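Asks: what's the 3D shape of this:
(4 chains)
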There are 2 protein chains.
Amino acid sequence: MKRPPKAPSITVSDVARRAKVSKATAARVLGGYGRVSKTVRTAVLEAAKVLDYRPNELARSMTTGRSGSIGVVVGDIENPFFSLAVRGISDAARLSGINVILANSGEQVEAEKSAIRVLMAKQVDGLIVTPAQSGEIAHLVEVARSACPLALLDRAQPDLDVDTVTVDDRDAALRATRILTRAGHTRIGYLTAAELSGDFCGSDSKINTSSVRERILGFLDACREAGIEGAERNIHFGAGRSERSLAATHTLLERSDRPTAILASDSVVALEVFKAIRECGLRIPQDISLITFHDADWTSVTTPPITVVDQPVYALGKCVAELLIRRLKGDDRPPERVVMPTRIIERMSVGQSPDIPRQAIS
Amino acid sequence: MKRPPKAPSITVSDVARRAKVSKATAARVLGGYGRVSKTVRTAVLEAAKVLDYRPNELARSMTTGRSGSIGVVVGDIENPFFSLAVRGISDAARLSGINVILANSGEQVEAEKSAIRVLMAKQVDGLIVTPAQSGEIAHLVEVARSACPLALLDRAQPDLDVDTVTVDDRDAALRATRILTRAGHTRIGYLTAAELSGDFCGSDSKINTSSVRERILGFLDACREAGIEGAERNIHFGAGRSERSLAATHTLLERSDRPTAILASDSVVALEVFKAIRECGLRIPQDISLITFHDADWTSVTTPPITVVDQPVYALGKCVAELLIRRLKGDDRPPERVVMPTRIIERMSVGQSPDIPRQAIS
DNA sequence: ATCGAATTTGAGACCGGTCTCACAACCAAA
DNA sequence: TTTGGTTGTGAGACCGGTCTCAAATTCGAT
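Replies: Below is the predicted model of the structure:
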């Protein structure tokens, strides 16, 4: 802490002195506020140019109270879903001259809390969060109560009355699952990377992430509709890139009563599943069908290409950012909950259930 | 500007008053510097807890001169290469309690300049940049001269004596190309998303991005080594996700003297090429071979899987961040230029050149 | 009991901006 | 010429911390 790298930067006072005006006047022209005569303005500008003055945004923020940046806390930037959403956010932010401070929660509540604390200490003007756990939202409630506007991305929180942008997860899952049930599948597995707190037991209350819960609900709706019983047992949590989950997927696929169709909650999970299916020597769609959320770039180039639930990810990010920025600008309409539509892109990864004898097909 | 959202936050003075000590003393315990007696310390802490005091990081930065954050300017976060690198950076940063302000340049120098200006105004403690153009580096030189440490990621700048982390692009391209020449290919196309300023004319001086230049140099080395003439003509710039470039790729593939092998400069380009190859009804690797830089996740799941140049992307990001942070901490060793090794993962996308009659193969 | 040294504390300047307020200068209308 | 309203400018407080410096206190050693 004993190293003030003292880059003796040029301040308003320096400029003022050189332009032979008061600090206040120089500040007025440099800061672009108040009224100044033309002559003085040019003099100050001239002096500023000569001295190569650059405003200290920090000092400015100190007095104005607004920092000109927003904080974004996502689960994992490495996930294409988030990186695309972040792209949407930062594009929207740049348009308003606002910049983005990014933080990764790694889907860990503690990391999320800490990130939020840090960002607020940095006086961000607003916060966009994809809450890792719907159970623990005390810290979010606190933010919402504070003067710092909060907006939620991809995951809603009924208890949190803030701007929220999500997709029609439940309906999307319903429609996706229907495609599978209509193809005759009855053993459909649902795989998500989300972790479960405690056991599932078919109760949705324990599901941490709202989008995950909604999707599962939609999945179960469709199963019920098709008269499939005990579909809950085929929901698998904690799928992802880890060794453990990979092994679990293999085990699942090698069971004699393995699912004949799988719905994956995101493209990262889907990729792992796709690999596992191959490694088990199964064929898509003859032996097993696959649908995934998120139209990741790779899904169209596999053999066969994968049927996906296409979410407007970029728009999702752009939209929350716009909502938040509108709020920063003083809009105090009641919070909006935008639900964006998804569409299913049918490709070649869904086939008739192998359980149904060929001749039985209409 | 007339809306000071006056969240009357708790300041040191408030805490001091409540703890019945001076502002200076309260600041000492809250800021964790100087010496304070045990009794006073607990009293202040108690008061702080009651009032729910949160330090204003901005104010702190004002006096200390260090903001505790670094700026990162990348070409495009949406590109998996960058999002993974950013992940590496932010992981390393978090370990040092530093946060990351992210900016997209969209590979546009002007946007890059503006981003750097903003970040410096925000008093970032350091800057990590992937320079969009090696031609225009005046702004970078300026940063390097200022007190703000600068580090370069993925793209070197010989004229810029700062910490730099890159991969052995030239050698990697050489080795990748050799795989193709050894398979008998003589018409090898090199596709990169980079734009060229002016015409190529076989001179490397006009190539904007150092990594791109190095790779092209390596590519040409290998071609020369294999006795291939006029390889420069097969280098195509501006490939990417745009309509125009897509059409150009199609045209290229439909020519009678189309390349029998393609080396793609990044995974985004490669994906487009892969799609185009399919759409043209060509088969990999029988009709055309493909190698790409960056071991993107999808490259292993296509049919056939793609041979890639595997760059240690995450490590790349982690490494620059560590280098930069070391510098922030006062290290003043001469700038380091780290060149990380790449390895080629041979998969199934390279075949013998169809130009060579079957029987001619040894 | 006495003195010097070490420790603890408080007062106030400072960082680099913004912004309020008072004063001076100017102009046009009365 | 006086009056009143605008406009331009400067002095200085302020934001919320850090940090210097000197005064006050404590302490051990003589």
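Asks: Find the nearest non-adjacent residue to A:L180, please.
Replies: A:A261 (4.4 Å; CB to CB, 6 or more residues apart in numbering or on different chains). C-beta: built from backbone N, CA, C; applies to glycine.
Asks: list the contacts for the one you found?
Replies: The contact partners of A:A261, taken as CB atoms under 8 Å, 6 or more residues apart in numbering or on different chains, are A:L180, A:A183, A:H185, A:R187, A:I188, A:G189, A:I288, A:S289, A:L290, A:I291, A:V350, A:S353.
Asks: Tally up the residues packed near the first one, please.
Replies: As a burial measure, the neighbour count of A:L180 was computed by other CB atoms under 10 Å in any protein chain shown and equals 27.
Asks: Please identify the buried residues of the helix or strand hosting it?
Replies: Using DSSP states H and E, A:L180 maps to helix A:169-182. Within helix A:169-182, the residues scored as buried using 16 or more other CB atoms under 10 Å in any protein chain shown are A:169-181.
Asks: can you tell me which of those residues are up against DNA strand D?
Replies: The subset of the buried residues of helix A:169-182 within reach of DNA strand D, by CB under 7 Å from any atom of the strand, is empty.
Asks: ok, the closest residue to A:G184 other than its chain neighbours - contacts?
Replies: In space, and not counting its chain neighbours, A:G184 is closest to A:S353: 3.7 Å by CB to CB, 6+ apart. Residues near A:S353 by CB under 8 Å, 6+ apart: A:A183, A:G184, A:H185, A:T186, A:T260, A:A261, A:S289.
Asks: let's see it at 10 Å
Replies: A:180-181, A:183-188, A:260-261, A:285, A:288-289, A:361 (CB atoms under 10 Å, 6 or more residues apart in numbering or on different chains).
Asks: ranges for the strands of chain A?
Replies: A:69-74, A:99-104, A:126-129, A:150-153, A:163-167, A:188-191, A:235-236, A:261-264, A:289-293, A:307-310, A:337-340, A:343-345 (DSSP state E).
Asks: Which one of those strands lies nearest to DNA strand D?
Replies: The minimum distance between DNA strand D and the strands of chain A falls on strand A:69-74, with 17.1 Å, by CB to the nearest atom of the strand.
Asks: hmm, back to that, which one among the buried residues of helix A:169-182 gets closest to B:E46?
Replies: A:D169 (45.9 Å; CB to CB).
Asks: distance of the nearest residue to the closest one once chain neighbours are set aside from A:I207?
Replies: Excluding its sequence neighbours, the residue lying closest to A:D169 (CB to CB, 6+ apart) is A:E214, at 3.7 Å. Going from A:E214 to A:I207 by CB to CB, to the nearest Å gives 9 Å.
Asks: just A:I284 next, same as before
Replies: For A:I284, the distance to A:I207 - CB to CB - is 28 Å.
Asks: ditto for A:G88
Replies: 26 Å.
Asks: Check A:G230 too.
Replies: Distance from A:G230 to A:I207, by CB to CB: 18 Å.
Asks: These two - which one has more neighbours?
Replies: A:I207 (25 against 9).
Asks: Which residues outside the least confident helix or strand in chain A by mean pLDDT are in contact with it?
Replies: When the helices and strands of chain A are scored by mean pLDDT, DSSP states H and E, helix A:243-254 comes last with a mean of 87. With CB under 10 Å, 6+ apart as the test, helix A:243-254 has contacts from A:189, A:191, A:193, A:234, A:236-240, A:242, A:258-259, A:262, A:269, A:272-273, A:275-277, A:279-282, A:287-288.
Asks: Of those, which belong to helices?
Replies: Mapping the contacts of helix A:243-254 onto helices (DSSP state H) picks out A:V269, A:E272, A:V273, A:K275, A:A276, A:I277, A:E279.
Asks: and which of the residues you listed is nearest DNA strand C?
Replies: A:V269 (48.4 Å).
Asks: circling back: reformat the contacts of A:A261 into TSV and put distance to B:L45 next to each item.
Replies: Output for the contacts of A:A261, formatted as TSV (distance: CB to CB, whole Å):
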residue	distance to B:L45
A:L180	58
A:A183	64
A:H185	61
A:R187	59
A:I188	55
A:G189	52
A:I288	59
A:S289	60
A:L290	56
A:I291	55
A:V350	61
A:S353	65
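Asks: Nearest to B:T25 among those?
Replies: A:G189 (62.2 Å).
Asks: measure that closest one to DNA strand C for me?
Replies: Distance of A:G189 to DNA strand C, given as CB to the nearest atom of the strand, to the nearest Å: 58 Å.
Asks: so A:L316 touches A:A151, yeah?
Replies: No. With contact defined as CB atoms under 10 Å, A:L316 does not count as touching A:A151 (11.3 Å).
Asks: of those two, who's got more company?
Replies: Under the criterion of other CB under 10 Å, the comparison of A:L316 against A:A151 puts A:A151 first, with 26 against 22.
Asks: so who does the more buried one touch?
Replies: A:A151 neighbours (CB under 10 Å, 6+ apart): A:70, A:72, A:89, A:126-129, A:162-165, A:319-327, A:335-336.
Asks: Can you give me the pLDDT of it?
Replies: On pLDDT, A:A151 comes in at 97.
Asks: Any idea what it is bridged to?
Replies: With DSSP bridges as the criterion, A:A151 is bridged to A:I128, A:D163.
Asks: so how far is A:D14 from it?
Replies: 40 Å.
Asks: Can you tell me the number of residues neighbouring the spatially closest residue to A:T292 that is not a sequence neighbour?
Replies: Leaving aside its chain neighbours, A:T292 sits nearest to A:A270 (3.5 Å; criterion: CB to CB, 6+ apart). Look at A:A270: counted by other CB under 10 Å, it has 28 neighbours.
Asks: just checking, A:L51 touches A:I10?
Replies: Yes. A:L51 lies in contact with A:I10 (CB under 10 Å); the separation is 4.8 Å.
Asks: Which residues are in contact with each of these two?
Replies: Common neighbours of A:L51 and A:I10 (CB under 10 Å, 6+ apart) are A:R18.
Asks: Now for the spatially closest residue to A:P304 that is not a sequence neighbour: which residues touch it?
Replies: In this structure, A:P304 finds its nearest non-sequential neighbour in A:M348, 3.4 Å apart by CB to CB, 6+ apart. Going by CB under 10 Å, 6+ apart, A:M348 touches A:I284, A:P285, A:S289, A:T302, A:T303, A:P304, A:P305, A:I306, A:T307.
Asks: Next: A:E107.
Replies: By CB under 10 Å, 6+ apart, the neighbours of A:E107 are A:74-76, A:79, A:130-133, A:193-195, A:208-209, A:240.
Asks: Which one of these is nearest to DNA strand C?
Replies: A:V74 (31.7 Å).
Asks: give me the low-pLDDT residue ranges for chain A?
Replies: A:1-7, A:197-206, A:356-362 (pLDDT under 70).
Asks: ok, 80 please
Replies: A:1-8, A:196-208, A:240, A:242, A:355-362 (pLDDT under 80).
Asks: Which residue does the stretch 1-150 of chain A have closest to DNA strand C?
Replies: A:G31 (2.9 Å).
Asks: thought that residue was touching A:E57?
Replies: No. In this structure A:G31 lies outside contact range of A:E57 using CB under 10 Å: 11.5 Å.
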